[in-house]
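>>> Return atomic coordinates for the entry below.
(chains A and B)
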Amino acid sequence: MDKRTLTFRIFRHNPFDPVSVPRLQEFRVEETPRMTLYTALTRIREEMDPSLQFDFVCRSAVCGSCAMLVNGRPRLACRTRTEPLPDKVTLLPLPFFRLVGDLSVDTGTWFRDMGRRVESWVHQHRAFEPGAEEERMSNEQAQAIYELDRCIECGCCVAACGMAQMSPDFLGSAGMLRIARFLVDPRDHRPEEAVFEVIGTEEGVFGCIGLLACDDFCPKDLPLASRLAYLRRRLALAAMRPSPSTTTGPVPVR
Amino acid sequence: MAVHTLWRDTQPSGPLKVRLGGEMALRNLGQQAQPIPTPLKLSASSQAVSMPSGRAWPALAAQPGRVLGRLELALTFSGLGLSVFMVMHLGLLFSVLLGTWAMDGLAGFLERYYLLHIGGSFLLLFLVGHVFVASRKVPTAFGRQRALLHHMRSINHMDTWTWLFQGLSGVALLALAAIHLWVIATDLPIEAAKSGARVFQTYLWFYVPLVLLVEGHISIGLARAAAKWGLLSRPVAHRALLAWTAVVLGLGFAILVTLYRLGGTL
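Numbers count the residues shown, from 1 in each chain, chains lettered A, B, ... in the order given. As a prediction, the model looks like this:
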């Protein structure tokens, strides 16, 4: 098979340079067997333009650093092979997140803030006893938590979300998944009302318009659609129940 | 002993409640990030905060989230109600495939026992309700519309495009259904011959897009609702959508052809 010469049209801009103008710059790279976008970008940086900015750490779809728009769609550069791509490939930084430069964006700030908004930590109503034996958890429970804890925070789901592009405060399915992770954790004692307060909003599950691109573009195949549906069912049913203000019983703990 | 308690009382006099919603302005690194609140870990001298037992939580009625949850359900149930109505409507029209006597007989039965009037009232109620709750999901500001359209063109994702179809077909159906209802309501009783004459003389090119848009809006809406509430997996919902579309479109156009021929013989 003839070797292809791929043409990469790469977004270039340094937001910290006042004279920098956003533009697309073309680079031509000869395709090699099993080439990934990460490999191609590395060759461009090493052989053509050392100033090209893009993020990577693990090169194996674990760190989530190299997410970018590949011909308009969010993907991880390290696990995107060039073979199925057309001869011309346009690479843009992920939308929604703050641009650091060229293809590099700052996802960390948003994910840290999201974690704070959904209170991404175990909520206990008991005082911590350092001497007490750790409570055991069944293997099924641990697996269920792990399944929802596999998010690598690459930002592909948020970049794929139409609602997030319109509403900067939208939590995105990453935020919703984070809450779902704590709902299956037996160590977390937050009541349903607390969950409702955090994601039962226009910025949470009731703001989601159900485009489900998050589910289709998650590089880790996380069960985003089913978890969003679960949260929607749970909160909608909670909304139909009488207001707790009219009851005098104990706070419902899951 | 430090007490790691990560939940806060809701009473004003109680310890701090960590309210983090709305602090989303940190996206821009030009703005300095606020330090993560420290009251998550109380000092040794602080009193342990425990979940208040026997105390009522803030009224959810005062929270917009409770209303939003009900609107979310109302959107699905009003859509479901309209879908059921359209299936019954299809049943009435289907009867013309058996003969004009069948459609005239069924329409006469519905009018005699005021079922047509009751159905019409419910239709209007569900229609207005559905438009009201669905409009909440549609971006109205130009900036939001532009952002969404730009995103749609960029990502080129099937379920994102179908959402746009739902919005546009919903607006078109509002106008087309209003015209259709007015034409029918001002020309009662319903008879196969009258319907045939209408399709043959004037309304064929009105009913062709109406059938396509109604069928598309209902099929996509039901599939989206099934996926949205987790009743069906998305692949199953897509397959069910295709099967339903084929059956209903086939029936719809068979009925239109039958009425057109009937109108031509008059």
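
>>> May I see the buried residues of stretch A:18-32?
A:27, A:29, A:31 (16 or more other C-beta atoms under 10 Å in any protein chain shown). Where you see a C-beta, it was placed from the backbone N, CA and C, and this is true even at glycine.

>>> Can I get these in CSV including distance to chain B, secondary structure and pLDDT?
Output for the buried residues of stretch A:18-32, formatted as CSV (distance: C-beta to the nearest C-beta, whole Å; DSSP: H, G, I helix; E, B strand; the rest coil; pLDDT from 0 to 100):
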residue, distance to chain B, secondary structure, pLDDT
A:Phe27, 21, strand, 95
A:Val29, 23, strand, 94
A:Glu31, 24, coil, 93
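
>>> what stretches of the stretch 1-150 of chain A score poorly on pLDDT?
Residues of the stretch 1-150 of chain A that meet the criterion pLDDT under 70 lie in A:1.

>>> where do the helices sit along it?
Using DSSP state H, counting those that start in this stretch, the helices of the stretch 1-150 of chain A run over A:37-43, A:108-117, A:139-148.

>>> Could I get those helices in JSON lines, plus columns for mean neighbour count?
Converted to JSON lines, those look like this (neighbours: other C-beta atoms under 10 Å in any protein chain shown):
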{"stretch": "helix A:37-43", "mean neighbour count": "20"}
{"stretch": "helix A:108-117", "mean neighbour count": "19"}
{"stretch": "helix A:139-148", "mean neighbour count": "14"}
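
>>> Just put the ones you listed in a markdown table and tack on distance to A:Arg75.
Shown next, in a markdown table, are these (distance: least, C-beta to C-beta, whole Å):
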| stretch | distance to A:Arg75 |
| --- | --- |
| helix A:37-43 | 8 |
| helix A:108-117 | 18 |
| helix A:139-148 | 22 |
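
>>> what's the spacing between B:His157 and B:His117?
Counting by C-beta to C-beta, to the nearest Å, the gap between B:His157 and B:His117 amounts to 44 Å.

>>> More neighbours: the two, which one.
Set side by side, B:His157 and B:His117 show more neighbours around B:His157, with 20 against 12, by other C-beta atoms under 10 Å in any protein chain shown.

>>> Identify the nearest residue to the more buried one in space, disregarding sequence-adjacent positions?
A:Ala213 (4.7 Å; C-beta to C-beta, 6 or more residues apart in numbering or on different chains).

>>> Next: A:Arg23.
A:Arg12 (5.5 Å).

>>> and the longest helix belonging to chain A, what's its mean pLDDT?
Criterion DSSP state H: the longest helix present in chain A is helix A:224-240. Averaged across helix A:224-240, pLDDT comes to 88.

>>> Grab the CA positions of that helix and hand them over as PDB.
What follows is helix A:224-240, C-alpha atoms only, in PDB (Å, rounded to 0.1, in the frame of the first residue of the first chain):
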ATOM      1  CA  LEU A 224     -22.700   8.100  31.000                       C
ATOM      2  CA  ALA A 225     -26.200   7.700  29.400                       C
ATOM      3  CA  SER A 226     -27.400   5.100  31.900                       C
ATOM      4  CA  ARG A 227     -26.000   7.000  34.900                       C
ATOM      5  CA  LEU A 228     -27.700  10.200  33.700                       C
ATOM      6  CA  ALA A 229     -30.900   8.300  33.200                       C
ATOM      7  CA  TYR A 230     -30.600   6.900  36.700                       C
ATOM      8  CA  LEU A 231     -30.000  10.300  38.300                       C
ATOM      9  CA  ARG A 232     -32.900  11.800  36.300                       C
ATOM     10  CA  ARG A 233     -35.300   9.100  37.400                       C
ATOM     11  CA  ARG A 234     -34.200   9.300  41.000                       C
ATOM     12  CA  LEU A 235     -34.400  13.100  41.200                       C
ATOM     13  CA  ALA A 236     -37.700  13.300  39.300                       C
ATOM     14  CA  LEU A 237     -39.200  10.800  41.700                       C
ATOM     15  CA  ALA A 238     -37.900  12.800  44.600                       C
ATOM     16  CA  ALA A 239     -39.500  15.900  43.100                       C
ATOM     17  CA  MET A 240     -42.900  14.200  43.200                       C
END
